[in-house]
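Q: for reference, the sequence and a predicted model appear below.
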Amino acid sequence: MNIGVIADDFTGATDIAGFLVTNGIRTIQTTGIPDERFEAEAEAYVISLKSRSCPAEEAVHLSLEALHWLRDKGCEQIFFKYCSTFDSTTKGNIGPVTDALLDEMGEEFTILCPALPVNGRTLYRGYLFVGNQLLSESGMQHHPVTPMRDSNIARLMEQQSRGKAGNVYVEVLDKGPSALKRELLSLKEKGIRYAVMDTLNQGHLDTIGAAVADLPLVTGGSGLAAGIARNLHKEGEKRSAGEAGRPKKGATVIIAGSCSKATNRQVARYREKAPSQFIDALRCRTDAGYLDELYAWTTAAIEDGATPLLYATKQASELEKPAYASQDVGRAIEELFGKLASRLLGAGVKNFIVAGGETAGKVVQSLGLSAFFIGPQIDPGVPWVRAVGQELYLALKSGNFGSDDFFVKAQEFFV
Ligand SMILES: Nc1ncnc2c1ncn2[C@@H]1O[C@H](COP(=O)(O)OP(=O)(O)O)[C@@H](O)[C@H]1O
Ligand SMILES: O=C(O)[C@@H](O)C(=O)COP(=O)(O)O
């Protein structure tokens, strides 16, 4: 069976691609919807969109285009990948995109399974936890673009979609795939359109993966993809499907646009070891010479043999509101990072380590890269990837993922 993934951001796309590959599925990740020159064949195609926080109509349009491309490629199951912290607003985009995909596919039912237990995202009685805290108390309530102030997934979904959501509790999952299949059927018959899956561990994901093997549309985080993949390639049939190999030692730059707790820790740790430059959000909007200044600083640091860090990262609670909390400021920072990355590519930078999904999306688009092969996982959900057709490696790190020494750890993969 071929799997077609529509990922709503770039770090999410490398996350799911990494888990598919680790579980034996030959996978290729694309930047946006590929054009007619795309030739590669794989078992899973992951289309990276930047559709998490754009207007809902745009997200729907992009996702439907992606759906058509994936169906032309012969994908039997479509997977709408969103964040394991269900990043969205009351207007979307998870609800509108799910509804549009269901309608276009002629379906009336799907599952919502954001959990990723290996990174501490679990769902219990319909509430999403990050580690030991409810989502809405985890720091995600301060996210600059998609603040998550509720942890109840059914409620969040109903606010932004057309249908009814229902919960599948852990007791059903513990009974195994057949019981779960019956429960899903019964929810569908009762008019439930989205079944929210309690998930505490990998065993639950495996059960869900088995139960939804025939469901044309599934939605969720990368944990669900691991469950689906593990059912396709059972133990014993596992093979390494990563084709990117390891990144090569060479000019490397780290760009951090995430304000998540994990990225704050990673930035603080790395600043003790290497040259770093804070990006002033207001100068991004007002100072025409800022880009040149940052470019000169970065290239000088590289010439000195360093791997410099450029970061806009702030404690989310320190963001100056309302100006700094607005999408405009975030977009201005992304714009600057995109332009800087593109100039640095021209200057010979070979490896980019980028923290933050929106940030990574902008950087990859600005670099003009069309597709990636997947390489080794640095930390769960963050593989190195290689741009198809060139010796350029990227680590696109979800804001919230990775150990505190992630930026150093990523460089330990160089050969
Ligand atoms: N100091 C800041 N003030 C306002 N917005 C910021 C600041 N630093 C970063 N941002 C923006 O916050 C957003 C973070 O989103 P993203 O890159 O997806 O990170 P994450 O993976 O944590 O969600 C980006 O749009 C980024 O430009
Ligand atoms: O599911 C996840 O948590 C990640 O794959 C993800 O979507 C990352 O998004 P960002 O936190 O915006 O980097």
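A: Yep, it's here. Ligands and ions are numbered 1, 2, ... in the order given.
Q: give me the pLDDT for residue 301.
A: Reported pLDDT at residue 301 in the predicted model: 98.
Q: all helices for the stretch 1-150 of the chain, in order.
A: For the stretch 1-150 of the chain, the helices defined by DSSP state H, counting those that start in this stretch cover 10-22, 56-72, 94-105.
Q: of these, which is nearest residue 342?
A: Proximity to residue 342, assessed across the helices of the stretch 1-150 of the chain by CB to CB, is greatest for helix 10-22 (15.5 Å). Yep, even glycine has a C-beta here, placed from its N, CA and C like the rest.
Q: before we move on, the earlier item: out of the helices of the stretch 1-150 of the chain, indicate the one that is most buried.
A: Sort the helices of the stretch 1-150 of the chain by mean neighbour count, taking mean count of other CB atoms under 10 Å, and helix 10-22 sits at the top with a mean of 29.
Q: burial of whatever residue of the stretch 151-300 of the chain ends up closest to ligand 2, as a residue count?
A: The minimum distance from the stretch 151-300 of the chain to ligand 2, using CB to the nearest ligand atom, falls at residue 221 (4.3 Å). Residue 221: 28 surrounding residues under other CB atoms under 10 Å.
Q: next: the one 10 residues further on.
A: Close neighbours of residue 231, defined as other CB under 10 Å, add up to 20.
Q: apart from its chain neighbours, what residue comes closest to it?
A: The shortest distance from residue 231 to any non-neighbouring residue, by CB to CB, 6 or more residues apart in numbering, is to residue 209 (4.4 Å).
Q: same question for residue 16.
A: residue 222 (4.2 Å).
Q: my guess is the residue nearest to residue 231 contacts residue 220, does it?
A: No. The criterion here is CB atoms under 8 Å, and residue 209 misses it with residue 220 at 10.6 Å.
Q: between these two, which has more neighbouring residues?
A: Between residue 209 and residue 220, counted using other CB under 10 Å, residue 220 has the larger neighbour count: 31 against 24.
Q: number of nearby residues for the closest residue to the more buried one other than its chain neighbours?
A: Closest residue in space to residue 220, ignoring its immediate chain neighbours: residue 113 at 3.4 Å, by CB to CB, 6+ apart. By other CB under 10 Å, 29 other residues sit near residue 113.
Q: and for the one 10 residues further on?
A: By the other CB under 10 Å criterion, the neighbourhood of residue 123 contains 32 residues.
Q: residue 392 too?
A: Neighbouring residues of residue 392 were enumerated by other CB under 10 Å; the total is 20.
Q: stretch 347-361 close to ligand 2?
A: Yes. Stretch 347-361 lies within reach of ligand 2 by CB under 6 Å from any ligand atom, at 356-357.
Q: returning to that earlier point: what distance do you get for the residue nearest to residue 16 to ligand 1?
A: Noted for residue 222: a distance of 14 Å to ligand 1, by CB to the nearest ligand atom, to the nearest Å.
Q: quick check, pLDDT for that residue.
A: 98.
Q: show me what contacts it?
A: Applying CB atoms under 8 Å, 6 or more residues apart in numbering to residue 222 gives the contacts 12, 15-16, 18-19, 81, 84, 116, 381.
Q: what about it, distance to residue 5?
A: Distance of residue 222 to residue 5, given as CB to CB, to the nearest Å: 9 Å.
Q: quick check: neighbours shared by these two?
A: 16, 81.
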